[in-house]
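**Student:** I need the structure of the sequence given here:
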Amino acid sequence: MKDRMKAAFLTLGCKVNYYETEKMMADFEQHGFQVVDFHECADVYVINTCTVTNMADRKSRKMIHRARKKNPNGVVAAVGCYVESAGKEWEKDTAIDLVLLNSEKKDAAKRVISFMRQHGRMAGEGTQCTEERFMQEKTTSVRTRKYVKIQDGCNQFCSYCTIPYVRGGGVLSSRPAEDILQEIRQAAQLGFQEVVLTGIHLSSYGADGSDDKSQSARQFVWLKGAPLVALLQKVNEVPGIKRIRLGSLEPRILCREFMDGLSQVDKLCPHFHLSLQSGCDATLKRMNRHYTAAQYREGCDCIRCYYEHPAITTDVIVGFPGETEEEFETTRRFVKDVGLAAIHVFPYSVRTGTKAAQMDGQVSPDVKRQRSEILIADAAELKAAYAEWFVGKTENVLFEEVRKIDSQCFLVGHNERYMLFGVPVQEARANGYHENQIAEVKIGRRNCILETP
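**Tutor:** Purely as a prediction, here's the structure:
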């Protein structure tokens, strides 16, 4: 019996990409492929790329070339945002056999099979791999947590971002509620206990129907998250699902009406990722963000009216064009005053074709690096302060996997606030803890708190 062809996948970037990779993996399996880890020898390598920063572009290229080096005879398919933004530039990269745009991901297996047949690659001769080991990357979601994409497209057109152009050109698209619920019911039957609802601009769920920026913006504000709340209330009723988590939210959605609705969804985790980007109003205006620092703070205050010690996390860009030292210090003061649980810090990355790329006052790489280091240090202090609250408390931890940390093996998992906790494996097994189990764990400073959101 001839061995099945092997396909390996690697995902870079956002949760939507992880969701779409899972869909592609299932599609390849249905077409007879065996899905293997990305560091293994395979006939096909599919790299689901990201283009949100220059660093993401470089990492996408790096992993494409790693795949080619691993198996010179294999098929390397570059998929998604990086190759979509690169246009015809990818044709110069000899490591790439096949490019699939975001709209073509649903047909990935068919497209790869067609390519392999055209080039005589269906006999399995593509498995002569080199000895080089791949860097370990997370290639799939753990089976305890299921990403579910409910929305696509973004029409916010921030001045630094290319995503609206590579994800539908500013047109919003929401999946029908019943389609989403059917996928979640199937996930529950497969044993998933937590679902994460994701989208390119999740807060716009239900605000479809127009690519006119001003009309869509008015519709988004008027809706006040009502379609998303209605969906969450239905997901809350799905048997077997114990937790519901949300992807990144737009700060403007956080009004009383929205939070009143969320508070009735008892399975919803009190973990809110609210993209900030800057705590300075002048910088936010140049970024074409559609809120002020005061509005962002009001949103955080609103969340805290409904949830005790919620995990509020964010992204911040430092060194945006025109950012002065005073503006940077304003952002530093703001994130400290708001008391965030975690901050992902990014130095501004020039994206060709965006308005920000043409702005005066481009900040030097050295200054961007210095400001990044300063804000990362501030973020570490905020993380530690947030984590301290859990010491001595009993938390519900959804255990996911065994992980080796500093030469010791832990059974690790997350609580509702997406804090990562670990229990030494021997102790965990003695207490009857196992993967895909929600268990009460007494949190101690010495051996439990591993990571904040």
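**Student:** just for the stretch 251-400 of the chain, where's the confidence low?
**Tutor:** Within the stretch 251-400 of the chain, no range satisfies pLDDT under 70.
**Student:** helices of that one, start to end?
**Tutor:** Per DSSP state H, counting those that start in this stretch, the stretch 251-400 of the chain carries helices over the ranges 256-262, 281-287, 293-306, 325-338, 365-388.
**Student:** highest average neighbour count across those?
**Tutor:** helix 281-287 (a mean of 19; mean count of other C-beta atoms under 10 Å). For glycine as for every other residue, the C-beta is placed from the backbone atoms N, C-alpha and C.
**Student:** CA atoms of it as CSV?
**Tutor:** Taking C-alpha atoms only, helix 281-287 is exported to CSV below (Å, rounded to 0.1, in the frame of the first residue of the first chain):
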residue,chain,number,x,y,z
ASP,A,281,-4.3,61.9,21.2
ALA,A,282,-2.0,63.6,18.7
THR,A,283,-0.4,60.3,17.7
LEU,A,284,-3.8,58.6,17.6
LYS,A,285,-5.1,61.2,15.2
ARG,A,286,-2.1,60.7,12.8
MET,A,287,-2.7,57.0,13.0
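**Student:** name the residues that touch stretch 232-246?
**Tutor:** 145, 177, 180-181, 184-185, 187-189, 192-197, 202, 261-262, 264-269, 271-273, 398, 416, 418, 438 (C-beta atoms under 8 Å, 6 or more residues apart in numbering).
**Student:** show the buried residues in these.
**Tutor:** Neighbour-count burial (16 or more other C-beta atoms under 10 Å) is assigned, among the contacts of stretch 232-246, to 145, 177, 180-181, 184, 187-188, 192-197, 202, 261-262, 265, 267-269, 271-273, 398, 416, 418, 438.
**Student:** hmm, back to that, and the helices of the stretch 251-400 of the chain: which comes nearest residue 314?
**Tutor:** Residue 314 sits nearest to helix 325-338 of all those, at 7.5 Å, using C-beta to C-beta.
**Student:** and the closest one, what does it pack onto?
**Tutor:** helix 281-287, helix 293-306, strand 311-318, helix 365-388 (3 or more C-beta pairs under 8 Å, 6 or more residues apart in numbering; DSSP states H and E).
**Student:** just want the angle from it to strand 311-318.
**Tutor:** 180 degrees (axes from the mean of the first three to the mean of the last three C-alpha atoms, to 10 degrees).
**Student:** what does helix 325-338 contact?
**Tutor:** 276, 278-280, 282-283, 293, 296-297, 300, 312, 314, 316, 318, 343, 371, 374-375, 378-379, 382.
**Student:** now, the buried ones among the contacts of stretch 232-246 that are in strands?
**Tutor:** Counting by DSSP state E, the part of the buried ones among the contacts of stretch 232-246 found in strands is 145, 194, 195, 196, 197, 271, 272, 273, 398, 438.
**Student:** widest-spaced pair of the residues you listed?
**Tutor:** The span of these, defined through C-beta to C-beta, is set by 273 and 438 at 21.9 Å.
**Student:** wait, which of the ones in strands among the buried ones among the contacts of stretch 232-246 is closest to residue 425?
**Tutor:** For these, the nearest to residue 425 is residue 398 (16.7 Å; C-beta to C-beta).
**Student:** the closest one against residue 417, yeah?
**Tutor:** No. Taking contacts as C-beta atoms under 8 Å, residue 398 lies outside contact range of residue 417: 11.7 Å.
**Student:** quick one: mean pLDDT for stretch 427-443?
**Tutor:** Averaging pLDDT along stretch 427-443 yields 93.
**Student:** which outside residues touch it?
**Tutor:** Residues contacting stretch 427-443 (C-beta under 8 Å, 6+ apart): 143-144, 191, 193, 242, 390-402, 410-411, 421, 423, 448-449.
**Student:** buried members of the residues you listed into ChimeraX, please.
**Tutor:** Entered in ChimeraX, the line below selects the buried ones among these, by 16+ other C-beta under 10 Å:
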select :144,193,390,395,397,398,399,400,410,411,421,423,448,449
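**Student:** among the contacts of stretch 427-443, which ones are in strands?
**Tutor:** 394-402, 410-411, 421, 423, 449.
**Student:** just the CA atoms of stretch 186-202, as PDB, please.
**Tutor:** In PDB, the C-alpha atoms belonging to stretch 186-202 read as follows (Å, rounded to 0.1, in the frame of the first residue of the first chain):
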ATOM      1  CA  GLN A 186     -19.200  20.100  16.200                       C
ATOM      2  CA  ALA A 187     -16.200  21.400  18.200                       C
ATOM      3  CA  ALA A 188     -18.000  20.500  21.400                       C
ATOM      4  CA  GLN A 189     -18.700  17.000  20.100                       C
ATOM      5  CA  LEU A 190     -14.900  16.700  19.400                       C
ATOM      6  CA  GLY A 191     -14.100  17.600  23.000                       C
ATOM      7  CA  PHE A 192     -13.200  21.300  22.800                       C
ATOM      8  CA  GLN A 193     -14.300  23.100  26.000                       C
ATOM      9  CA  GLU A 194     -13.300  26.600  25.000                       C
ATOM     10  CA  VAL A 195     -14.000  28.600  21.800                       C
ATOM     11  CA  VAL A 196     -12.300  31.800  20.800                       C
ATOM     12  CA  LEU A 197     -14.400  34.000  18.400                       C
ATOM     13  CA  THR A 198     -12.100  35.800  16.000                       C
ATOM     14  CA  GLY A 199     -12.200  38.200  13.100                       C
ATOM     15  CA  ILE A 200     -10.100  40.800  11.300                       C
ATOM     16  CA  HIS A 201     -12.300  43.500  12.900                       C
ATOM     17  CA  LEU A 202     -14.400  41.500  15.300                       C
END
